[in-house]
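A.B. asks: Here's my sequence, what's the structure:
(one chain, ligands or ions: 2)
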Amino acid sequence: MTKWVYIFGEGVTDGDASMRNLLGGKGANLAEMARLGLPVPPGFTITTEVCTQYYKGGESYPSELDAQINAALETVGKLTGRTFGDPANPLLLSVRSGARVSMPGMMDTVLNLGLNDTTVAALAKESNDERFAYDSYRRFIQMYSDVVLNVDGDYFEEIIEDYKDEHDLVLDTDLSAEDWKKVVVLFKAKTEEELGKPFPDDPREQLWGAIGAVFGSWMLPRAQTYRRLHDLPSDWGTAVNVQAMVFGNMGDDSATGVAFSRNPSNGENALYGEYLINAQGEDVVAGIRTPQDITEAARIAAGSDKPSLEATMPQMYQQFAEACKKLETHYRDMQDMEFTIERGKLWMLQTRNGKRTLKAALKIAVDMADEGVISKEEAVKRIDPTSLDQLLHPTIDPDAEIDELATGLPASPGAASGAIVFNSDEAEAEKADGKAVVLCRVETSPEDIHGMHAAEGILTSRGGMTSHAAVVARGMGKPCVAGAGTIRMDMRNEVMVADGRTFKKGDIITIDGGSGQVIAGQVKMRQPELSGDFKKLMQWADNIRRLRVRTNAETPTDVKVALSFGAEGIGLCRTEHMFFDGDRITSVREMILADTLQERRAALDKLLPMQRGDFIEIFELMDDLPVTIRLLDPPLHEFLPKTDAEIAEVAKHMGVDAEDLKERAEELHEFNPMLGNRGCRLLISYPEVAEMQARAIFEAAAEVSKSRSVQVKPEVMVPLVGLKAELDEVKQRIEAMAEAVEAEKGIKLDYSIGTMIELPRAALQSEEIAKSAEFFSFGTNDLTQTTFGISRDDAGSFLGKYQEKGLIEKDPFITLDSDGVGELIKHAAEHGRKTRPNIKLGICGEHGGDPASIAFCEETGLDYVSCSPFRVPVARLAAAQAVLKGADTGTL
Ligand code: PEP
Ligand code: MG
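C.D. replies: Ligands and ions are numbered 1, 2, ... in the order given. Below you'll find the model as predicted:
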């Protein structure tokens with residue numbers, strides 16, 4: 001016979017913490033606490049399998065369940081010395097849901113179940129407090145009607161308010177036992193009116209109703225949405241925990257509270273929590289009364305004059321503090337606990353690993369490893385790599401003078417300055433021109449993703465902490481101030497009015513997503529200061545990981561940030577980004593639009609010193625760390641002049657007719673630029689570009705090498721290769737240029753030439769291509785695009801739907817598609833090594849900063865990952881976790 005019901009309580013517990021899948025988190029931990037000998041009110045857990053069966057069997061229960069519940073009720077009755085439904089000595093129950101992970105959206109709690117017109121009298125007698133008994137009874141009817149019978153909870157609040165008005169009463173505490181008795185009658189009448197049948201008096205009917213409501217809540221739309229957002233499978237099901245009631249509201253020797261074994265906001269190793277005297281469970285979290293501190297130290301620190309638990313009930317405090325220690329030591333993690341004191345007796349109601357801020361998570365992990373509670377490896381596993389983003393963004397210099405315009409919600413941490421733009425296309429265009437912008441909107445929508453990506457920060461005048469802007473910005477690690485309601489965004493006229501002043505497109509503002517401040521002008525920033533705990537943990541991670549971590553960077557600022565975050569090289573220097581700088585773009589356009597080789601060379605001659613200067617700066621910053629420089633890559637259309645003004649400017653520079661030039665630009669127009677003349681094709685069409693870039697690289701290397709003992713060894717990378725012949729064609733130009741520079745400078749250069757693997761054909765032909773390539777760098781952005789045949793620029797419009805429908809689990813442009821794209825990478829790695837056993841293998845697509853993709857890279861034995869500067873710490877940690885086979889960050 002299947003066991004559907006597990007008991008917990010002194011001497012009878014048959015579950016434990018390892019049974020989380022079957023008993024849910026709450027149930028498994030109640031069983032474990034009971035096993036540890038802690039005072040847990042006895043009860044039982046109906047397993048998650050009942051939930052699964054319930055839905056499989058068309059919402060019906062397994063046939064043995066009834067008998068098992070009855071037996072469990074009897075055992076609990078024995079332990080408490082009471083009987084469920086007994087008129088003289090009734091057992092009262094709480095009923096709670098409890099899935100494997102705590103899940104908002106599920107039915108939460110029904111308290112005082114088992115009360116009816118008869119048992120309430122027994123409770124009154126036993127507690128010697130009629131008012132308490134009828135207050136408990138009305139709470140039960142209210143809660144049960146609301147969460148089990150779906151009668152709108154507002155009705156009951158209205159009844160209480162009307163009653164108070166009629167009887168000249170102000171506070172709930174002004175109502176006497178007689179008053180509550182009358183309210184109970186009114187409540188029951190209301191429920192009957194709404195339901196068309198009386199409120200259930202039979203305790204068993206009440207219990208089955210509550211059990212059904214818990215299971216029913218598993219499929220409520222809000223619970224389903226939560227599961228979808230958090231990737232939780234539907235077939236997990238929820239458990240139901242039925243437990244003997246204990247009362248924290250039985251007078252001044254009773255209390256209830258919640259506590260953490262360490263401080264969840266800063267990680268300090270000190271008990272931290274709140275309690276209320278003479279109150280029932282939910283009162284503490286409901287915020288109706290202001291809770292008091294548990295410890296004296298916390299009370300003093302908070303400057304509170306309300307006595308702490310430590311002061312009011314020293315003995316209870318002592319017992320509770322010991323229980324906390326015991327639980328933390330046992331679970332080897334910070335615990336979040338609920339307790340109740342009933343007439344001088346402590347009861348533990350719940351424990352679980354506590355949620356914490358990242359700062360606290362780092363401190364707790366490092367402290368616990370230093371205390372010897374956990375190993376360094378475990379500490380490393382406990383931090384969610386992606387959460388590190390929060391730590392890494394610049395903040396406003398506290399000494400900076402600030403001209404504050406407004407404050408909104410601090411929706412996503414970090415500070416950013418930039419020019420105001422009001423629409424996302426413009427944000428993208430400005431970013432492409434190398435400008436920093438802040439995207440300002442009334443609110444954002446999915447159509448703004450590209451603009452949000454492009455912007456340094458996002459400001460909205462409407463919306464809360466879970467608005468689209470807030471959620472998406474947090475996900476991207478972009479600073480965001482949301483819902484700055486005093487700002488008026490006039491989208492049509494492209495102005496915003498803040499603090500009585502008008503700001504137009506292009507004006508500079510600063511936002512601080514940590515404080516919610518919106519500030520006029522550019523503000524001095526302070527680069528993130530990483531705590532000692534962060535450094536220590538990252539060092540531990542570095543000792544564990546095998547993968548090297550490089551960065552994708554091309555500006556000195558990015559390079560410096562990446563180095564400060566621990567980058568061990570540049571895996572991708574996108575040289576075209578240097579071409580968009582200032583008025584270089586004009587020379588680039590001249591070069592592309594030139595009719596003759598001579599004109600083209602003239603334009604390139606202007607670019608050469610600039611590129612050389614860029615590379616000198618980078619080589620100097622990177623010292624002896626490796627630098628991979630990619631030759632010109634992007635689709636041609638990105639360089640072509642678009643507006644008449646741009647055409648006129650280029651024409652002027654070239655001394656040609658603007659109309660002719662426009663025609664030439666139109667000739668170069670491509671239907672599908674992403675698959676057009678880009679990457680090595682561009683270098684083959686315009687070999688002088690490859691030559692100029694190679695010269696700039698080698699001259700810079702020669703220059704920087706002169707001044708130091710270790711020679712610069714540039715890695716020159718050819719993009720978008722599909723044929724070995726393409727690589728060879730470009731390679732011979734590079735080699736010829738190296739020889740030329742060697743002859744001119746009278747030195748021997750040390751360099752390597754490799755390719756990106758960005759096309760399925762390249763992956764499949766890797767054995768052949770490796771004959772010419774000294775390294776492979778997987779360009780998984782393009783490789784994903786070309787493997788799926790999905791345009792990386794247009795994917796946003798439909799991939800979201802795919803995810804909603806469950807056709808794909810993750811966006812393959814964020815997390816590497818290991819089944820498809822990953823197979824190509826594996827093939828290329830394996831076959832590349834056949835030709836060249838020591839071929840250096842890396843990844844430089846966006847996936848290089850994604851923890852799941854990094855785990856794939858570890859598994860595949862790549863040498864390094866390369867990611868954007870802010871992702872470097874994420875990658876260092878994820879690479880260590882990949883060695884340790886996964887993270888254990890369930891608490892975050
Ligand atoms: C890639 O395709 O993955 C890559 C790194 O190159 P880009 O994003 O510049 O096309
Ligand atoms: Mg690419």
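
A.B. asks: buried ones in stretch 584-600?
C.D. replies: 584-594, 599-600 (16 or more other Cβ atoms under 10 Å). (Each C-beta comes from the backbone N, C-alpha and C, glycine too.)

A.B. asks: between the residues you listed, which is nearest ligand 1?
C.D. replies: Distance to ligand 1 across the buried residues of stretch 584-600 (Cβ to the nearest ligand atom) is lowest for Val588, with 16.3 Å.

A.B. asks: ok, back up a step: is it possible to get TSV of the buried residues of stretch 584-600 that adds secondary structure?
C.D. replies: What follows is these, written out as TSV (DSSP: H, G, I helix; E, B strand; the rest coil):
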residue	secondary structure
Arg584	helix
Ile585	helix
Thr586	helix
Ser587	helix
Val588	helix
Arg589	helix
Glu590	helix
Met591	helix
Ile592	helix
Leu593	helix
Ala594	coil
Glu599	helix
Arg600	helix
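
A.B. asks: quick one, strands of the stretch 451-600 of the chain?
C.D. replies: For the stretch 451-600 of the chain, the strands defined by DSSP state E, counting those that start in this stretch cover 457-460, 480-482, 488-490, 495-498, 501-504, 508-512, 517-520, 525-526, 548-552, 570-574.

A.B. asks: can you put those in TSV and add mean neighbour count and distance to ligand 2?
C.D. replies: Putting these into TSV (neighbours: other Cβ atoms under 10 Å; distance: least, Cβ to the ion, whole Å) gives the following:
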stretch	mean neighbour count	distance to ligand 2
strand 457-460	30	27
strand 480-482	32	28
strand 488-490	15	36
strand 495-498	20	37
strand 501-504	14	37
strand 508-512	25	32
strand 517-520	22	36
strand 525-526	16	31
strand 548-552	28	11
strand 570-574	26	9
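
A.B. asks: of all the buried residues of stretch 584-600, which comes closest to Tyr226?
C.D. replies: Nearest to Tyr226, judged by Cβ to Cβ, of these is Ile585 at 47.5 Å.

A.B. asks: right, and the strands of the stretch 451-600 of the chain - which one's nearest Gly237?
C.D. replies: Here strand 480-482 is closest among the strands of the stretch 451-600 of the chain (Cβ to Cβ), at 35.5 Å.

A.B. asks: Could you list the contact residues of the stretch 701-850 of the chain toward ligand 2?
C.D. replies: Proximity of the stretch 701-850 of the chain to ligand 2, by Cβ under 5 Å from the ion, involves residues 758, 779, 782.

A.B. asks: What parts of the chain come near ligand 2?
C.D. replies: Residues of the chain lying near ligand 2 by Cβ under 5 Å from the ion: 758, 779, 782.

A.B. asks: Sort out for me which of those residues are in strands.
C.D. replies: Among the residues of the chain next to ligand 2, DSSP state E puts none in strands.

A.B. asks: count of neighbours near Ala301?
C.D. replies: Other residues near Ala301 come to 11 when the count uses other Cβ atoms under 10 Å.

A.B. asks: got it, and His330?
C.D. replies: His330 is flanked by 16 other residues according to other Cβ under 10 Å.

A.B. asks: Not counting sequence-adjacent ones, nearest residue to it?
C.D. replies: Spatial nearest neighbour of His330, excluding adjacent residues (Cβ to Cβ, 6 or more residues apart in numbering): Leu36 at 6.2 Å.

A.B. asks: for Gly27, same thing?
C.D. replies: Excluding the flanking residues, the one nearest Gly27 by Cβ to Cβ, 6+ apart is Thr45, at 3.4 Å.

A.B. asks: again, but for Pro264
C.D. replies: Of all residues not flanking Pro264 in the chain, Arg356 sits nearest, at 4.4 Å (Cβ to Cβ, 6+ apart).

A.B. asks: for that neighbour, phi and psi?
C.D. replies: Main-chain torsions, Arg356, degrees, to the nearest 10: phi -150, psi 160.

A.B. asks: Just want to check the distance between it and Pro104.
C.D. replies: Separation of Arg356 from Pro104 (Cβ to Cβ, to the nearest Å): 18 Å.

A.B. asks: quick one: which of these two has more around it?
C.D. replies: Using other Cβ under 10 Å, the more surrounded residue of Arg356 and Pro104 is Arg356, with 24 against 9.

A.B. asks: from what I can see the more buried one touches Ile364, true?
C.D. replies: Yes - here Arg356 reaches Ile364: they are 6.6 Å apart, a contact under Cβ atoms under 8 Å.

A.B. asks: who touches both of these two?
C.D. replies: 267, 334 (Cβ atoms under 8 Å, 6 or more residues apart in numbering).

A.B. asks: mean pLDDT lowest for which of the strands of the stretch 451-600 of the chain?
C.D. replies: By mean pLDDT, the lowest-scoring of the strands of the stretch 451-600 of the chain turns out to be strand 525-526, with a mean of 84.

A.B. asks: Next one, pLDDT for Val472 please.
C.D. replies: The model's pLDDT for Val472 equals 68.

A.B. asks: cool, and the one 5 residues further on?
C.D. replies: Gly477 carries a pLDDT score of 67 in this model.

A.B. asks: so what's His393 closest to, chain neighbours aside?
C.D. replies: In space, His393 is closest to Gly414, 2.8 Å off (Cβ to Cβ, 6+ apart).

A.B. asks: Count residues in the vicinity of that neighbour, would you?
C.D. replies: 26.

A.B. asks: need the contact list for it.
C.D. replies: Gly414 is in contact with 393-395, 457, 477-479, 513-514, counting by Cβ under 8 Å, 6+ apart.

A.B. asks: Please apply the same query to Phe579.
C.D. replies: Contact analysis of Phe579 by Cβ under 8 Å, 6+ apart lists 585, 588, 607, 632, 639.

A.B. asks: now do Gln142
C.D. replies: Contacts of Gln142 (Cβ under 8 Å, 6+ apart): 153, 156, 187.

A.B. asks: Narrow the residues you listed to those in helices?
C.D. replies: The helices, defined by DSSP state H, take in 156, 187 from the contacts of Gln142.

A.B. asks: For PyMOL, what selects the buried ones among the contacts of Gln142?
C.D. replies: Remark: buried members of the contacts of Gln142, expressed as a PyMOL selection using 16+ other Cβ under 10 Å:
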select buried, resi 156+187
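
A.B. asks: wait, which of the contacts of Gln142 is closest to ligand 1?
C.D. replies: If you rank these by distance to ligand 1 using Cβ to the nearest ligand atom, Gly153 comes first, at 52.6 Å.

A.B. asks: Just the pLDDT for that closest one.
C.D. replies: 85.

A.B. asks: ok, and the closest non-adjacent residue to it?
C.D. replies: Of all residues not flanking Gly153 in the chain, Asp146 sits nearest, at 4.0 Å (Cβ to Cβ, 6+ apart).

A.B. asks: Might one say that the one you found is in contact with Glu157?
C.D. replies: No - the criterion here is Cβ under 8 Å, and Asp146 misses it with Glu157 at 10.3 Å.
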